[in-house]
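# Just to be clear, the model below is a prediction. Sequence and coordinates:
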Amino acid sequence: MHAVTNERGIRIFLSDDIGSEELRGSVFITGFKGFGAAGYIATKYLVYKLEMQRIGMVTVGYMPEFSFRDEYGLAFPFEIFRDPDSNTVVLLNHDIPDAKERSAYAEVVTKWLRDIGVRKEILIGGLDKKFRIGEEELRVLPTSWYREVLSDPIMDKWLLIIGPLALFLMYAELYGIPALTVLPYVEAFRHDPRAAAIAVRKVGGMLGVEIDVSELYEEAKRFEEELEKLAKAVEKEEGKESIYM
C-alpha cells in the first residue's frame, strides 16, 4: 500500500499496483449509515454482488477503534473497492467519520476524485417515506455539472440532505464533478434492505449491469415478519388484564 493523499489528517492508501490511470474515467459510488442505512447496505451489496477487489483504505485522524475479518482479510472502517469490468470504484463506509472531521473527509476524498478524473459520482442515501408521492420509488438530486437525462423525479425544494452524504454532494458541486444523489424512500428509523434494493437496481441500470437484488428483498421480508411477530406479542401483552396488589 502507498499513500496517494495526506491532507488535513486524512490519508488515502492504494494498492501498489493501482495508479491514477487505472481509475481515470471511473464511476465513484458511496453511501453511509443514514436514514434506513440504505446507502451503507446498498454499497456493501454492490461490493459483494460485483465481486469487487479491495484496492485501498482511507484513514482519518479520529480513527474508529474497530476492525473485523471479512472474506478479503482484515477489514478497515473506510475501504475502497474496484470493479474493472464496470469501471466502478466504491468507497465502503462501515462507520461515519467523527463530526470534527467529516467535512475534511468529504473534501479530501472529493479532491482526490477530481485529480484522478472520475467520470461521475453516485451518492446513495434515503428519503423518509412520509414524503412519497404516489407510487414513486425514489427521488434524485444532481449537481449542476450532471448532464445526463434524468428519468426520476427530482427532490422537492427545501427537503434536507444531512450528514456526510450532504458534504460529498456539496464538495462535488464545488470541485466540478458530475454527481447524482439517489434517494429511495425508506423506513427512516430502522434498517431498510428493500430501499437498498431499489437503489441497487437504479445504480445497476446506470452502470449497464444487471444485479440480482433478490437477497435484499428476502432479507426485508424476514425483517418485516419479525417486526410483525413482535407487534403481535406486544399487542397480546397489552391485552392482558392487569392485576394490582
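Sure, I can see it. Numbers count the residues shown, from 1 in each chain.

# The chain: strands as residue ranges?
Taking DSSP state E, the strands of the chain run over residues 2-7, 10-14, 27-31, 53-59, 68-70, 73-75, 78-83, 88-93, 120-124, 127-128, 138-142, 179-186.

# Pipe the ones you listed into TSV and attach mean pLDDT, mean neighbour count and distance to Asp152 per row.
In this view, the C-beta of every residue, glycine as well, is placed from N, C-alpha and C. As requested, the strands of the chain are exported to TSV (pLDDT from 0 to 100; neighbours: other Cβ atoms under 10 Å; distance: least, Cβ to Cβ, whole Å):
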stretch	mean pLDDT	mean neighbour count	distance to Asp152
strand 2-7	90	13	33
strand 10-14	96	20	31
strand 27-31	98	25	17
strand 53-59	96	19	30
strand 68-70	88	10	32
strand 73-75	91	11	33
strand 78-83	97	23	23
strand 88-93	97	23	20
strand 120-124	98	25	13
strand 127-128	92	20	12
strand 138-142	96	21	5
strand 179-186	96	26	8
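
# Make JSON lines from those and add distance to Arg201 to it.
As requested, the strands of the chain are arranged in JSON lines below (distance: least, Cβ to Cβ, whole Å):
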{"stretch": "strand 2-7", "distance to Arg201": "32"}
{"stretch": "strand 10-14", "distance to Arg201": "30"}
{"stretch": "strand 27-31", "distance to Arg201": "14"}
{"stretch": "strand 53-59", "distance to Arg201": "23"}
{"stretch": "strand 68-70", "distance to Arg201": "25"}
{"stretch": "strand 73-75", "distance to Arg201": "26"}
{"stretch": "strand 78-83", "distance to Arg201": "17"}
{"stretch": "strand 88-93", "distance to Arg201": "15"}
{"stretch": "strand 120-124", "distance to Arg201": "12"}
{"stretch": "strand 127-128", "distance to Arg201": "16"}
{"stretch": "strand 138-142", "distance to Arg201": "10"}
{"stretch": "strand 179-186", "distance to Arg201": "9"}
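
# low pLDDT regions in this structure?
Confidence mapping of the chain against pLDDT under 70 gives the ranges 227-228, 230-245.
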